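[1] The amino acid sequence is not available; the structure is as follows:
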């Protein structure tokens with residue numbers, strides 16, 4: 001996913017006015033040393049795409 005693809009998703013989530021705050025990041029581009037590990041330990045998956053062809057997640 002590119003940064004240009006993240007922005008519309010962030011805007012759509014904001015417009016929903018949910019009682020939650022979302023922080024969308026592209027994991028491979030995070031430069032803060034400890035943040036990827038923190039995300040792996042504490043982060044929550046809110047959506048995971050499954051291929052309709054083989055059932056595997058991507």
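    Arrived safely. Since this is a predicted model, take the numbers as computed values, not measurements.
[2] Might you list the low-confidence residue ranges for the protein?
    Flagging of the chain using pLDDT under 70 yields the residue ranges 53-58.
[3] any chance you could map the helices in it?
    Secondary structure of the chain (DSSP state H): helices at 3-15, 35-42.
[4] mind giving me TSV with the ones you listed and columns for distance to residue 23 and mean neighbour count?
    Any C-beta I mention is one placed from the backbone N, CA and C, and that applies to glycine too. Listed next are these as TSV, based on distance: least, CB to CB, whole Å; neighbours: other CB atoms under 10 Å:
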stretch	distance to residue 23	mean neighbour count
helix 3-15	9	11
helix 35-42	9	11
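[5] The ones you listed: which one's closest to residue 49?
    Checking the helices of the chain against residue 49 by CB to CB gives helix 3-15 as the closest, at 12.8 Å.
[6] how distant is the closest one from the center of its chain?
    Centroid separation between helix 3-15 and its chain, computed with CA atoms, centre = their mean, to the nearest Å, is 10 Å.
[7] Just put the helices of the chain in CSV and tack on distance to residue 51.
    Shown next, in CSV, are the helices of the chain (distance: least, CB to CB, whole Å):
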stretch, distance to residue 51
helix 3-15, 19
helix 35-42, 23
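[8] now the end-to-end length of stretch 20-38.
    Stretch 20-38 has an end-to-end distance of 19 Å (CA to CA, to the nearest Å).
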